[in-house]
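Q: show me how the following folds:
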Amino acid sequence: MDIQLLSVLSNLGMSQNTSQSQNNNSNGFDLALTSLLNAISRVNSENNNSHICSGKNTKPQLNINIENLEINGELKSLDTLNSSQNQNRVENISTSNNIKLTDKNSTIEIEKAIEESSRKYGVDPDLVRAVIKVESNFKPDVVSRAGAKGLMQLMPENCEYYGVNNPFDIKENVDGGVRHLKDYIDKYDGDIQMGLMAYNGGPTRMANRGVESIDDIYKMPKETQNYVPKVMKYYNEYKSDMI
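A: Now for the predicted structure:
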């Protein structure tokens with residue numbers, strides 16, 4: 001067994017120990033190590049047999065691709081395995097509706113929901129993206145301390161009003177959230193910032209505090225004062241393709 005292979009095995013062992021201290025369920029890494037050891041054993045056995053039959057006393061050659069291993073039918077690089085274990089990656093699954101929150105799957109579904117609802121209700125999809133970014137950072141299973149749920153952080157009364165049966169369902173949540181946002185924008189004659197202020201702070205509070213324009217935002221709670229410019233910042237960046 002050559003020095004390069006010994007070095008790799010040593011690194012594998014060190015990575016495994018580190019990973020196990022972070023996560024006892026490091027099955028993928030164990031499979032990688034087992035796969036490599038089995039391959040070494042098999043190739044050594046074949047080489048030894050061939051040398052005995054040929055009568056040649058030459059050093060067995062181990063021709064194994066130590067940069068990649070096949071696990072469960074998928075080719076995994078050692079770097080990928082190490083990175084995955086060190087970062088202790090897990091797939092977060094919403095218990096309410098079995099939505100698999102992988103970046104790939106959720107992003108595709110979220111984008112589809114945004115495009116459909118924005119077109120349906122006449123709201124700029126970039127504005128919807130900006131609201132989702134600030135409300136939940138594109139995490140469909142988020143629940144706030146106040147009880148707001150999902151991508152667009154709908155309160156129970158919002159869900160009931162807009163017929164959202166499952167606020168953790170991406171399509172339902174975005175559809176209800178876009179309708180909710182659209183109603184507020186229309187309420188303030190197309191003023192997006194006033195609509196956002198109402199979305200976060202509530203139109204009743206705005207009326208009680210004498211808010212008649214965006215210039216009166218200082219009358220609203222600090223959260224709302226920060227919320228509106230933050231959404232507008234992301235909105236402008238999305239429109240400019242800066243994100």
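Q: can you pull the contacts of Gly122?
A: Residues in contact with Gly122 (CB atoms under 8 Å, 6 or more residues apart in numbering) are Lys182. In this view, the C-beta of every residue, glycine as well, is placed from N, C-alpha and C.
Q: lowest-scoring secondary structure element of the protein by mean pLDDT?
A: helix 78-86 (a mean of 37; mean pLDDT, DSSP states H and E).
Q: I'd like the average pLDDT over the next helix-or-strand element following it.
A: Next helix or strand after helix 78-86 toward the C-terminus (DSSP states H and E): helix 103-121. Regarding helix 103-121, the rounded mean pLDDT is 91.
Q: what helices or strands is the helix or strand that comes right after helix 103-121 leaning on?
A: Proceeding N to C from helix 103-121, the next assigned helix or strand is helix 125-136, under DSSP H and E. When contacts are defined as 3 or more CB pairs under 8 Å, 6 or more residues apart in numbering; DSSP states H and E, helix 125-136 sits against helix 103-121, helix 170-187, helix 192-201, helix 222-239.
Q: mean neighbour count and distance to Ile214 for the ones you listed - can I get that in TSV?
A: Shown next, in TSV, are these (neighbours: other CB atoms under 10 Å; distance: least, CB to CB, whole Å):
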stretch	mean neighbour count	distance to Ile214
helix 103-121	16	22
helix 170-187	22	13
helix 192-201	23	4
helix 222-239	16	7
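Q: compare the mean pLDDT across those helices and name the weakest.
A: The minimum mean pLDDT among the helices and strands packed on helix 125-136 belongs to helix 103-121 (a mean of 91).
Q: residues touching that one, excluding its own?
A: With CB under 8 Å, 6+ apart as the test, helix 103-121 has contacts from 99-100, 123-125, 128-129, 132, 138, 140, 151, 170-171, 173-175, 177-179, 182.
Q: could you break this structure into its assigned domains?
A: As recorded under automatic domain parsing, the domains making up the chain are 3-86, 103-239.
Q: settle this for me: Tyr218 is touching Asn226, isn't it.
A: No - the criterion here is CB atoms under 8 Å, and Tyr218 misses it with Asn226 at 11.7 Å.
Q: correct me, but Met206 touches Asn200?
A: No - contact criterion CB under 8 Å: Met206 and Asn200 do not qualify, at 10.2 Å.
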